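Asks: Predicted coordinates and the sequence they were generated for:
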Amino acid sequence: MSLLLLNDGSWFDITNCYGTGAGILTTYTEIANVAGLQGLIIYCLSGSLPMFLFAFLGPVIRRQCPHGFVLTEWCFQRFGRITGLALSLATILTLFLFMIGELAAVYFAIETLTTINGVPAVIIECIVTTIYTSIGGFKVSFITDNIQATFVTLLLVIGTCSISSYIRLDPSVDKEPMLTSNKLAWKLLYILPVAIVTNDCFVSGFWLRTFASKSNRDLLIGTSIAAVLLFIYPFLVGFTGIIAVWNGSMQQGDDNVTNAFFYLVASCPKWVNGLILIFTCCLSTCTFDSLQSSMVSTISNDIFRNKLNLFYIRIGVVLVMIPAVVVGLKCANDVLQIYLIADLISACIIPILFLGLSSKFWFLTGWEVVIGSLGGFFAVFVFGTIYYGSAVEGGKLLIVYNSIYVDDWSAFGAFVVAPGFSLVVGFLTLGIRLTVLYVMSKVKNDDSIFRNAIDRSKHHFDYHPEISAVDTAEDDNGIKLDDGGDVISDNINDVEVQSETLKKKKFFARDIFSF
């Protein structure tokens, strides 16, 4: 039985599961080269501290949704089917963008360190991961996550020792510009935390490991250690973006800045190049299989509610990888932009969604979350159109086309507008919904229409403090039992039962505005 179903993830397992992909070999060097040491430190802190989000919010979500194992399952329970499907689609899009980023990073590595074409290697990676994840499923993904931590450590040890031994700094290069404070780094102090904190919530693998933790203590220890490692490892990689400038290999803001790590490694002996390339490909493969497994799980559980054979879902994921390969090769020169698109989407959704965790916002429904999120995304387009005076440029801002390095405030404004207006539009939607229900209650002379909308007991906000995912056991058939041995839920059939309940529930006109 898997780690997930047993709730048997120790702090060591949790630490290994919060790994990194090959994307860190390009994105952190890019930030360091453009924004200097200050920007690199901000990026590393922004990438590591969000791990505590799972340590503190994970137990809250598990209490509210003890039978779930990902964020979307809580969303289905708290906000209903429509919102759950919307979040699932956003999660699938995020996983797709992450796939593109991983494939682009490994393509970069092969093209820089060798003279061969990187396209066949990328295709082979997709084929290999598809084969072994289809055979082994999530169990294989958990195993490769543990191996992944070893690959990252070996890659950084070899890379650090090699660069320090074979790379020499150019004494004529002024080192001061890379060490001083700058305006871009101060803008990143807001952009990156908002972007990464919200986007981490879309990583299904993080939530799977959160729900699989043996106890809250193991979860806290595991995420704490992971946070430390997620600062140290990316910092060591990212610092090569600064060393490349001091070495004279490239200028600050160079067009090939994403290749800084591989450019420096290419100056080392061939055996170093070979080892770095091997570990990079292995690291990318371990990450890519997790993305594949997460996408299969999301589509199967959230979209089809486990009613469709996994074979057909895996075929669909294979078809999705075709455009991922094409786009990954086309966008290989800017992996960070790919991640920023996913970040902007998550910044529109997560703030209004997570208000639903608080008992003070029990009145929020799926209407506020869905319309608020769409409103935040549309507000970014409006902001871009007004800022640039062009609807075309406003549309480009939705995909962060000009990146975050442009000498203006467009990217900063986008990440302010996205979460801010999602909340504003969400609460405006709440006001409109309640107004419509009030009018309907007067027209139909039925006070229960409006009264149900403001009655907490009629909403889906329910805590289950007596049924915690951490405090349950299971029998040999995967049946969850409480302390007295009574059945809480059947892991195999629970989702199907919930799905049938949703199908059988009849929605009337009055219910549509209050679901």
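Replies: Cool, got the structure. Numbers count the residues shown, from 1 in each chain.
Asks: Tally up the residues packed near residue 363, please.
Replies: A count of neighbours around residue 363, defined by other CB atoms under 10 Å, yields 17. Where you see a C-beta, it was placed from the backbone N, CA and C, and this is true even at glycine.
Asks: Helix, strand, or coil at it?
Replies: coil (DSSP: H, G, I helix; E, B strand; the rest coil).
Asks: And residue 125, by the same measure?
Replies: Strictly by three-state DSSP, residue 125 counts as helix.
Asks: pLDDT value on the nearest residue to it once chain neighbours are set aside, please?
Replies: Leaving aside its chain neighbours, residue 125 sits nearest to residue 285 (5.6 Å; criterion: CB to CB, 6 or more residues apart in numbering). For residue 285, the model assigns a pLDDT of 87.
Asks: can you tell me which helix or strand residue 285 belongs to?
Replies: helix 270-297 (DSSP states H and E).
Asks: Check which element follows that helix along the chain.
Replies: Counting by DSSP H and E, what follows helix 270-297 is helix 310-330.
Asks: quick one: buried residues of that following helix?
Replies: Neighbour-count burial for helix 310-330 flags 310, 313-314, 317, 320-321, 324-325, 327-329 (criterion: 16 or more other CB atoms under 10 Å).
Asks: can you check stretch 129-148 too?
Replies: For stretch 129-148, using 16+ other CB under 10 Å, the buried residues are 129-130, 132-134, 137-138, 140-142, 144-145, 148.
Asks: tell me which of those is nearest to residue 293?
Replies: Ranking those by separation from residue 293, with CB to CB as the measure, puts residue 141 on top at 4.3 Å.
Asks: who touches that closest one in this structure?
Replies: If you count contacts by CB atoms under 8 Å, 6 or more residues apart in numbering, residue 141 has them with 133, 205, 289-290, 293.
Asks: any chance of those residues in CSV, with distance to residue 90 and pLDDT too?
Replies: Shown next, in CSV, are the contacts of residue 141 (distance: CB to CB, whole Å; pLDDT from 0 to 100):
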residue, distance to residue 90, pLDDT
133, 23, 84
205, 16, 73
289, 22, 87
290, 18, 84
293, 18, 85
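Asks: Could you report the pLDDT at the residue of the chain most remote from its centre?
Replies: Computed with CA atoms, centre = their mean, the residue of the chain farthest from its C-alpha average is residue 445, at 47.4 Å. Here, the pLDDT recorded for residue 445 equals 88.
Asks: Show me where the stretch 51-200 of the chain has its helices.
Replies: 51-64, 71-79, 81-113, 119-136, 138-166, 183-200 (DSSP state H, counting those that start in this stretch).
Asks: Those helices: lowest mean pLDDT?
Replies: When the helices of the stretch 51-200 of the chain are compared by mean pLDDT, helix 138-166 comes last with a mean of 82.
Asks: Would you quantify the distance from residue 304 to residue 310?
Replies: 10 Å (CB to CB, to the nearest Å).
Asks: could you dump the helices of the stretch 51-200 of the chain to TSV with distance to residue 404?
Replies: As requested, these are exported to TSV (distance: least, CB to CB, whole Å):
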stretch	distance to residue 404
helix 51-64	22
helix 71-79	26
helix 81-113	16
helix 119-136	26
helix 138-166	25
helix 183-200	6
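Asks: Nearest to residue 339, out of those helices?
Replies: If we rank the helices of the stretch 51-200 of the chain by CB to CB, the stretch that ends up nearest is helix 81-113, at 5.8 Å.
Asks: Could you give the separation of the closest one from the chain centroid?
Replies: Here helix 81-113 shows a centroid-to-chain-centroid distance of 9 Å under the convention CA atoms, centre = their mean, to the nearest Å.
Asks: Begin at 56 from now on, thanks
Replies: OK, 56 is where the count begins now, so the last one is helix 136-168.
Asks: ok so, going back, and the helix holding residue 340, how far out from the chain's middle?
Replies: Taking CA atoms, centre = their mean, one finds the center of helix 325-352 at 18 Å from the center of the full chain.
Asks: Give the buried residues for it.
Replies: Buried-residue list, helix 325-352, by 16+ other CB under 10 Å: 327-328, 330-332, 334-352.
Asks: tilt between that helix and helix 365-385?
Replies: Per axes from the mean of the first three to the mean of the last three CA atoms, to 10 degrees, the angle that helix 325-352 makes with helix 365-385 is 140 degrees.
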